[in-house]
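**Student:** Sharing a model that was predicted from the sequence below.
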Amino acid sequence: MYGTRHYLRVRRPPRPDRGWDGRGAASIWVAGGLAVVLLLGAGVVYRTALTRLDAPVPVNPPVSLAEIPTTVEGWTSETLAIPSITDEYMRSNFADDYISRRYVNEDQRMWADAYVVYCSSRPAGMLGHRPEVCFPAHGWIHDETSQSEFQTHLGRRMPVLVHRFHKQSPDYGRVVILNFYVLNGEVTLREGDFSGFFGRRPNVSSNPARYVAQIQISSSSEHAARALVASLTDSILAILPDQNGRVTWTAAQETSSRSDAETQENH
């Protein structure tokens, strides 16, 4: 019709900073940022909890290793001093209890050192602390390692690793180390027995029956080392929990051992 104009109205899209589309984009960004913050926070909490879980919490043996007889069957002993930095490292990383002593048998003119360490907080912390690693770090040259056995004075036959080392000039010397482990009451010669999942998990239940102990008897004379390990092992095993977590050691045993030693000395 003349004089009448027809218009086609075109609706323009809302501007990005206006209307529901703008508010929706902002909400997505806020939600995304919040999710990232929560994820990072959860990660921090998880790592903190994991650190606390893995931290070694001392789990002392039911009977202190100090109860291992200081005199037994003609042997008398004194404590060997360990540097404070070494003691701190051991107690911070794997050792819940340990002894280091020198035993001397005056009648037989023999000496041998006994080192026993107990680890229950984190058994796998013992890994790598073996003669083939520790002695070369102190200047000893590894000659050989062989498997053998010995018999305790109660008649038990025990497997043992025999390590031999020497030092060259100017510090000539030879040493023989008899080494074995007690894992939850069972004797073993293999680190692999406590290096897996079970050994690597910290003992969060504080169960003293879950442990690994290392026994090392060393001397310049293999005969002396074998004589001491035969005399001392029964007492060590009586102090360590057996497979059922029971300890058979009593104070009477220590008194009896001392009396036997005194009797032999008097004769």
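**Tutor:** Thanks, I have it. Predicted, not measured: the structure shown is a model, and the values here were computed from it.

**Student:** Just confirm Ile239 contacts Ile68, I think it does.
**Tutor:** Yes: using Cβ atoms under 8 Å, Ile239 makes contact with Ile68 at a distance of 6.3 Å. Backbone N, C-alpha and C define where each C-beta goes, glycine included.

**Student:** so where do the helices sit in the stretch 101-250 of the chain?
**Tutor:** With DSSP state H, counting those that start in this stretch applied, the stretch 101-250 of the chain shows helices at 131-134, 197-200, 222-239, listed in chain order.

**Student:** between those, which gets nearest to Asp113?
**Tutor:** Across those, Asp113 has its closest neighbour in helix 222-239 (8.6 Å, Cβ to Cβ).

**Student:** Distance check, the residue lying closest to Ala209 once chain neighbours are set aside against Val212.
**Tutor:** The shortest distance from Ala209 to any non-neighbouring residue, by Cβ to Cβ, 6 or more residues apart in numbering, is to Gly245 (3.3 Å). Counting by Cβ to Cβ, to the nearest Å, the gap from Gly245 to Val212 is 14 Å.

**Student:** Likewise for Ile99?
**Tutor:** Counting by Cβ to Cβ, the gap from Ile99 to Val212 is 16 Å.

**Student:** neighbour-wise, which of the two wins?
**Tutor:** Under the criterion of other Cβ atoms under 10 Å, the comparison of Ile99 against Val212 puts Val212 first, with 25 against 19.

**Student:** Might one say that that one is in contact with His129?
**Tutor:** No: applying Cβ under 8 Å, one finds Val212 not in contact with His129, separated by 10.7 Å.

**Student:** Please name the bridge partners of the closest residue to Val229 other than its chain neighbours.
**Tutor:** What sits nearest to Val229 in space, not counting adjacent residues and going by Cβ to Cβ, 6+ apart, is Ile217, at 4.3 Å. Here Ile217 sits in beta bridges with Ala114, Leu178, as judged by DSSP bridges.

**Student:** what stretches of the stretch 151-267 of the chain score poorly on pLDDT?
**Tutor:** Residues of the stretch 151-267 of the chain meeting the criterion pLDDT under 70: 196-200, 251-267.

**Student:** what ranges of the stretch 1-150 of the chain fall below the confidence cut-off?
**Tutor:** 1-56.

**Student:** Do a quick rundown of the strands in it.
**Tutor:** 71-72, 75-79, 97-105, 110-119, 141-151 (DSSP state E, counting those that start in this stretch).

**Student:** Next, the buried residues of stretch 216-234.
**Tutor:** For stretch 216-234, burial by neighbour count (16 or more other Cβ atoms under 10 Å) applies to 216-219, 222, 224-234.

**Student:** now stretch 202-217
**Tutor:** Applying 16+ other Cβ under 10 Å to stretch 202-217 flags 202-203, 208-217 as buried.

**Student:** go on, stretch 150-166?
**Tutor:** Buried residues in stretch 150-166 (16+ other Cβ under 10 Å): 150, 152, 158, 160-165.

**Student:** Kindly report the same for stretch 86-103.
**Tutor:** With burial defined by 16+ other Cβ under 10 Å, the residues of stretch 86-103 counted as buried are 90, 94-103.

**Student:** Go through the strands of the stretch 1-150 of the chain and name the closest to Gly185.
**Tutor:** Judged by Cβ to Cβ, the one of those that comes nearest to Gly185 is strand 110-119, at 12.6 Å.

**Student:** Just want the angle from that closest one to helix 222-239.
**Tutor:** 40 degrees (axes from the mean of the first three to the mean of the last three Cα atoms, to 10 degrees).

**Student:** Show me what strand 110-119 is in contact with.
**Tutor:** 61, 65, 68, 77, 80, 90, 94-105, 125-126, 129, 211-219, 221, 223-225, 227-229, 232, 236, 240 (Cβ atoms under 8 Å, 6 or more residues apart in numbering).

**Student:** how about TSV for the strands of the stretch 1-150 of the chain, with distance to Val57 added?
**Tutor:** As requested, the strands of the stretch 1-150 of the chain are exported to TSV (distance: least, Cβ to Cβ, whole Å):
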stretch	distance to Val57
strand 71-72	33
strand 75-79	26
strand 97-105	14
strand 110-119	12
strand 141-151	34
